[in-house]
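*Asks:* Would you be able to build a 3D model of this:
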Amino acid sequence: MAHAATLGALTGELIEAVTGLPSKTRSRRYKALYDSTLATIKSQAYLRTNQFEVQHALDGLEERFRVNNRDDLADEFRSSLDRLEEHATKWHPEILALLLGLSDQPTFKTKLSDLDAVRLREEQLKETFSWENVAREDGWDEDELLWQSIDYAQESGDEFFEDEPDETPKEAPLRYANDVDPNLHKKGRTATDYIVHPEDTELLKALQSAQQWRIEVPQKDDIGLIQKINISETQIVREVLSMLQGLKTTLFNDTTGLPEPNFHMQSIAWETYKAVIRNIAESGRRILLLWRFVSHPQVIPHLQAFQDCITKRLRDFDTKLSQIEARFAAPTGEVIFTLLSVIGEITPWLQPLLILSDIIAQIQETSRSDTFRYLELLYDETTLAQLRDDMATYEFLARIFLECFQVYIRPIRHWMDEGRISSENEIFFIVERPIKVPMSHIWQDRFNLRQTAEGALHAPKFLKPSAHRIYNAGKNIVVLRLLGKYELGNSSTAEEPSLDFEHVCPEGLGLATFPDLFGAAFNRWIQSKYRKTSTTLKDVLFDMCELSSSLDALQALYLMSDGFATASFADHLFDKLENLNPVWYDRFALVGTAQDAFAPLLDTSRLSVSVSVHGTRMTVSDARGSIRAALPYVMMDYRLAWPIRIVVSEESLENYRSLFTFLLQLRRAIHVLHKPRILDNFLTDNEYWDERALFYTARSNLLWFCTTIQSYLATLVLEPNERGMRRDLLVAEDVDSMISVHAACLEQMIEQACLGSKLAPIRERILDILDLAIKLELAREGKAAMDGSEPSHLFRREHESKEGNAREDGLTSEDYIHVLEEITADFTKHLSFICSELKSAARASSDTQSAKWDILADMLQTGDRGK
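*Replies:* This next block holds a predicted model:
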């Protein structure tokens, strides 16, 4: 009740303060506002902040600092919290909760130097002392009589204050620089008291006379021509030095930088003077461009570094000019100088600055938006200076380039050390895709190289050879972090090579070009960060992720390296087709058979077998009638871990499936050819010798062809390439090299197995010959059905009639012989085409697979001649 009464009283005060309605009147409007406001306050859901949750969050933040190797920040954070508890208030949880909500990655963005700046500002505020503060504290700042002038001329000891000024004007006495007026404070200082009258008027007149030419108006002669104003060489030298220092001068126009045409140097021809002064003015105009560039603030860090480098060089140049002026203004002995001698003295200092001015001019004239253009120009000018053997300019430009480049590579260092990209960084040539990608596509698709509208890399041209390794270094860390094998600070603790001038261009390598020196130094810098992470990720893939075991599984499944396991699965599938099983494509049966067959070799929980929709829609007789019909739709899938999918790309898996299909078709043909046994027909062979001779000839040719292809694939294509791939993977430098090695190996297998696009006609003829094996078996079954020697064929014929595919009862002897002759003729024709095309392809190509094609052609031709 006490809380409700307090809440009601506070609500009344709130309404009275906001609306001005007195609570005593209790008007209808007041009551409505009071009831609605009180109900709103009572029903509000925003309770006080849970101080224990805030404390838990603060403790967690401190622990995060320590986990990320920021112990110094954690200690300072804890010290600040302890000091805050000494001045605790009830609003501290709300304030701390607000600060936690506003924080943005404090682990990585907080700098302890900011706290030093705050402490320094607090100390400065504490040390501030002024008479105004003293007056305000003591209270005598409000005493108006204290600041009035006292008239000490009165005889009385009492003090009289002048409220009104003396109406009698008095003549202000002359005061010289060394005079001390004892009565100065009699009535207080006035403006006339500060007038200083010079003693050396002759010197003043001499100065005014020497500078008279600045305000002199050109006169016309008797014929109306404007006469030039003659000035001394000393004045011209002074103007030139001032102009080069970026100061306003009379002799040179402030806007255009051109010399004023009204002036002429004494005792020299006009044409000579004009040529000399215009040359000097052109140099001054280019130097003025540098002064203007450094006067405009830049927001991009590496441009700020470039601006700072130019400012330092201009300051050195200004110091040199000031030393020349001092030598002339206060000579210690006899000094003789001329305009040309002064220009000759400053030319070695001036020439490098003129090159910088040309770089600035090129940047401002082009419309390119890349902020690193000046780095490319500095790189080129440094190289040219070295080729000209201008070593002073070479060192001058090389130092500027390296100083700016070290600022430019800060985002590169952050990417290579931590694998992160700042979202505000628009100058880095690596970008992160805004959409989420699958884990297996992180390496290929999560990060991309930024490109210009022309398709070029958005980076200086001298970085392009190293861009790929920079790109991969950060991705190494990203993958390692996802695998839990990387901790922040591991890479940054390694000492990186310096990129200053002394280390990039050391003494004793003067004959080496700057691009070579810089490339070698930058390569060492990259390798200091890249090699360790690449090696670590490679070891993790082989050890923790078991890359070798996954490759063994792929070899057993798709390349059929284990003949027994493959035969167990394939023969079961072929028997279903031979028996015309209408559900030969049953997924559960196929998966069970495959898992039983390959259980000793791999993790069967990752294995699945299926038949695509096109394969399930065809009839079983069509699926049985050709190796092109059903077998290409049998899909063997092995689910790889996502780190392994980085190395085994989707393109490589497609190549694995192509090889698997071809090997399965080859096994299907061999399985069919081994089905009839010679001894089964031993007693009846003599009765039908013509038929049997043709059959055995065709079967022998087809069986020889299939076994030759199988031997070629096993001994010359699959096993050597697989062994070479394992060897190259072990010595690969990084993940990209591993991906390239694996993909190249699969590409070579595809090409050497005649499955590539170049040998598509040869592949089709090979499949035609394999189809002849199916045709031979169907013809044999048809003849056996006619003879009644195979009762099982009647079952198949009856089953086919149920499916609506009526067929003849069998083949007569004439038809059977005709089919056998066709098979023999087609085999000879296809074999001749394959051999000739293989030879032609081998001669037309210089690749490694061309030698394998030549060997295969020789194997086929040798066997054909032997027959």
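*Asks:* quick one: low-confidence parts of the stretch 151-300 of the chain?
*Replies:* The model of the stretch 151-300 of the chain has pLDDT under 70 over residues 151-189, 193, 196-200, 221-222, 224, 226.
*Asks:* all helices for it, in order.
*Replies:* Taking DSSP state H, counting those that start in this stretch as the criterion, the stretch 151-300 of the chain contains helices spanning 201-210, 233-244, 270-295.
*Asks:* Of those, give the one that comes closest to L653.
*Replies:* helix 270-295 (55.8 Å; C-beta to C-beta). (Glycine included, C-beta is placed from N, CA and C.)
*Asks:* What residues of that closest one count as buried?
*Replies:* 273, 276-277, 280-281, 283-291, 293-294 (16 or more other C-beta atoms under 10 Å).
*Asks:* Also stretch 812-823?
*Replies:* 816-817, 819-820, 823.
*Asks:* Identify all contacting residues around it.
*Replies:* 688, 690-691, 694-695, 698, 702, 772, 775-776, 779, 782-783, 786, 811 (C-beta atoms under 8 Å, 6 or more residues apart in numbering).
*Asks:* Now, of those residues, which are buried?
*Replies:* By 16+ other C-beta under 10 Å, the contacts of stretch 812-823 give 688, 691, 694-695, 698, 702, 772, 775-776, 779, 782-783, 786, 811 as buried.
*Asks:* if we take the buried residues of stretch 812-823, which one ends up nearest to L21?
*Replies:* I823 (110.0 Å).
*Asks:* May I have the residues that are in contact with the residue nearest to the closest one when sequence neighbours are not counted?
*Replies:* With C-beta to C-beta, 6 or more residues apart in numbering as the criterion, I823 has its nearest non-adjacent residue at 4.7 Å, and that residue is A698. Residues in contact with A698 (C-beta under 8 Å, 6+ apart) are 772, 776, 820, 823-824, 827.
*Asks:* quick one, helices of the stretch 301-450 of the chain?
*Replies:* Under DSSP H, counting those that start in this stretch, the stretch 301-450 of the chain gives helices at 301-329, 339-365, 373-387, 391-408, 410-418.
*Asks:* any residues touching the last one, and which ones?
*Replies:* Put plainly, it is helix 410-418. With C-beta under 8 Å, 6+ apart as the criterion, helix 410-418 contacts 108, 301, 420-422, 425, 427-428, 430, 470, 473-474, 477, 488, 491-492, 496, 526, 529-530.
*Asks:* Could you do stretch 521-536 as well?
*Replies:* 413, 416-417, 466, 469-470, 472-473, 476-477, 480, 485-486, 491, 494-497, 499, 503-504, 733-735.
*Asks:* make it 6 Å
*Replies:* Stretch 521-536 has contacts (C-beta atoms under 6 Å, 6 or more residues apart in numbering) with 416, 466, 469, 473, 476-477, 491, 496-497, 504, 734.
*Asks:* after the lowest-mean-pLDDT helix or strand in the chain, next one along is what?
*Replies:* Of all helical and strand segments in the chain, the minimum by mean pLDDT, DSSP states H and E falls on helix 791-802, at a mean of 44. Sequence-wise, the next helix or strand downstream of helix 791-802 (DSSP states H and E) is helix 813-844.
*Asks:* Quick one: mean pLDDT for that following helix?
*Replies:* The average pLDDT within helix 813-844 is 88.
*Asks:* Check stretch 673-680 too.
*Replies:* So the average pLDDT for stretch 673-680 ends up being 68.
*Asks:* which residues touch the helix or strand encompassing A17?
*Replies:* Using DSSP H and E, A17 maps to helix 2-19. With contact meaning C-beta under 6 Å, 6+ apart, helix 2-19 is reached by 23, 33-34, 37-38.
*Asks:* I'd like to know which elements the helix or strand just after it is packed against.
*Replies:* Next helix or strand after helix 2-19 toward the C-terminus (DSSP H and E): helix 28-43. Where contact means 3 or more C-beta pairs under 6 Å, 6 or more residues apart in numbering; DSSP states H and E, helix 28-43 is packed against helix 2-19.
*Asks:* Between helix 28-43 and the helix it packs on, find me the angle.
*Replies:* 130 degrees (axes from the mean of the first three to the mean of the last three C-alpha atoms, to 10 degrees).
*Asks:* Now helix 2-19: buried residues?
*Replies:* 11-12, 15.
*Asks:* Which residues are in contact with L755?
*Replies:* L755 neighbours (C-beta under 6 Å, 6+ apart): 658, 763.
*Asks:* Look up phi and psi at it.
*Replies:* phi -110, psi 0 (degrees, to the nearest 10).
*Asks:* do you know how far it is from L463?
*Replies:* Computed with C-beta to C-beta, to the nearest Å, the distance linking L755 and L463 is 40 Å.
*Asks:* can you check S610 too?
*Replies:* With C-beta to C-beta as the criterion, S610 and L463 are 48 Å apart.
*Asks:* ok, now A744?
*Replies:* 27 Å.
*Asks:* same check, this time on W642
*Replies:* 31 Å.
*Asks:* Same check on A210?
*Replies:* 56 Å.
*Asks:* coming back round to it: with neighbour numbers in mind, choose between A744 and L463.
*Replies:* Counting neighbours by other C-beta atoms under 10 Å for A744 and for L463 shows that L463 has the greater number, 20 against 15.
*Asks:* Not counting stretch 227-240 itself, show me its contacts.
*Replies:* With C-beta under 6 Å, 6+ apart, stretch 227-240 has contacts from 213, 216, 218-219, 221, 249, 251, 262-266, 280, 339, 342.
*Asks:* buried residues in the helix or strand that contains P720?
*Replies:* For P720, the host element (DSSP H and E) is helix 719-731. Neighbour-count burial for helix 719-731 flags 721-722, 725-726, 728-729 (criterion: 16+ other C-beta under 10 Å).
*Asks:* if we can go back for a sec, so which of the contacts of stretch 812-823 are in helices?
*Replies:* With helices taken from DSSP state H, the overlap with the contacts of stretch 812-823 comprises 690-691, 694-695, 698, 702, 772, 775-776, 779, 782-783, 786.
*Asks:* Rebuild these as TSV, extending it with pLDDT and distance to R48.
*Replies:* TSV is the format used below for these (pLDDT from 0 to 100; distance: C-beta to C-beta, whole Å):
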residue	pLDDT	distance to R48
D690	71	106
E691	74	101
L694	85	100
F695	83	96
A698	86	94
L702	91	88
L772	92	88
K775	89	88
L776	88	90
A779	83	92
G782	78	92
K783	74	96
M786	71	98
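*Asks:* nearest to Y585, of those residues?
*Replies:* The closest of the ones in helices among the contacts of stretch 812-823 to Y585 turns out to be K775 (C-beta to C-beta; 23.0 Å).
*Asks:* This structure - how does it break down into domains?
*Replies:* 2-43, 229-386, 410-543, 547-866 (automatic domain parsing).
*Asks:* Right, I'll call it a day here.
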